[in-house]
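> A predicted structure for the sequence below; I have some questions about it.
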Amino acid sequence: MQESILKFLESEKSLLWVKTYDFDEIEEAVKEGVGKYENEKFYIYENGKTINVDTSEEVFGVDSLYKTIDEFFPSGMRKSKTILFVKGIGEEILEDKNLEYLIEILKTKVENPKYNFIVIISSSKDLPQLLKENKYNIAVL
C-alpha cells in the first residue's frame, strides 16, 4: 500500500481514493510519502476537524469537508504542494457538493498541469458513481 501511495504522490494526479478500513495504516503511508517533499503543506481532515500536520494545530473555521476543500483549493496555484488527507470519511464524502468540488479539482489539474492541490481520501465507501462517470483520471486503491 505504501509503495502505491508513493507512486501516486510522484504522479501528476490530484485525487486518490483508497477503499480501506485501516485508516491509520493509510495515514502513516501518506505521512511517509509527504515527508519526502520540501515545502509541502499537509493537512488531515477527520470528523469535522482539519489539522495542520506540521504544527499539530486545528485549522479553525473549516469544520466540514466542503469548507476544508474550499479553504485549500486556491493553494494549488502555488509552487509547493498542498496535500489534504481525508481520513475515514463516511457519508459526508457522498454529498453532491463535495463530489462536485472534487471534480472541479480534477478539471483544474487538466487545465493547469502545474496545479498542486492533492486530495487523498481513505474511506470504507466505494468510489462514488459521480466520480466513476467523470472523464478525469482518478487513482483508486
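Cool, the structure landed.

> switch to C-alpha atoms for all contacts and neighbour counts from now on
Fine.

> please enumerate the helices of the chain.
2-10, 23-34, 65-72, 96-111, 129-132 (DSSP state H).

> list the buried residues of the fourth one.
Neighbour-count burial for helix 96-111, with 16 or more other CA atoms under 10 Å as criterion, is recorded at 98, 99, 102, 103, 105, 106, 107, 108, 109, 110.

> ok, how many other residues are close to residue 90?
13 (other CA atoms under 10 Å).

> give me the beta-bridge partners of the closest residue to it other than its chain neighbours?
Distances taken as CA to CA, 6 or more residues apart in numbering put residue 123 closest to residue 90, at 6.5 Å, once the chain neighbours are dropped. On the basis of DSSP bridges, residue 123 is bridged to residue 19.

> how much space separates residue 123 from residue 23?
Look at residue 123 and residue 23: by CA to CA, to the nearest Å, they are 8 Å apart.

> identify the contacts common to those two.
87, 88 (CA atoms under 8 Å, 6 or more residues apart in numbering).

> tell me the buried residues in stretch 47-65?
49, 50, 51, 58, 59, 62, 63, 64, 65.

> identify the bridge partners of the fourth one.
This points to residue 58. Applying DSSP bridges, one finds that residue 58 bridges with residue 51.

> returning to that earlier point: as CSV, the helices of the chain with distance to residue 88 and mean pLDDT would be great.
Formatted as CSV, the helices of the chain follow (distance: least, CA to CA, whole Å; pLDDT from 0 to 100):
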stretch, distance to residue 88, mean pLDDT
helix 2-10, 16, 87
helix 23-34, 6, 87
helix 65-72, 12, 96
helix 96-111, 15, 94
helix 129-132, 18, 88
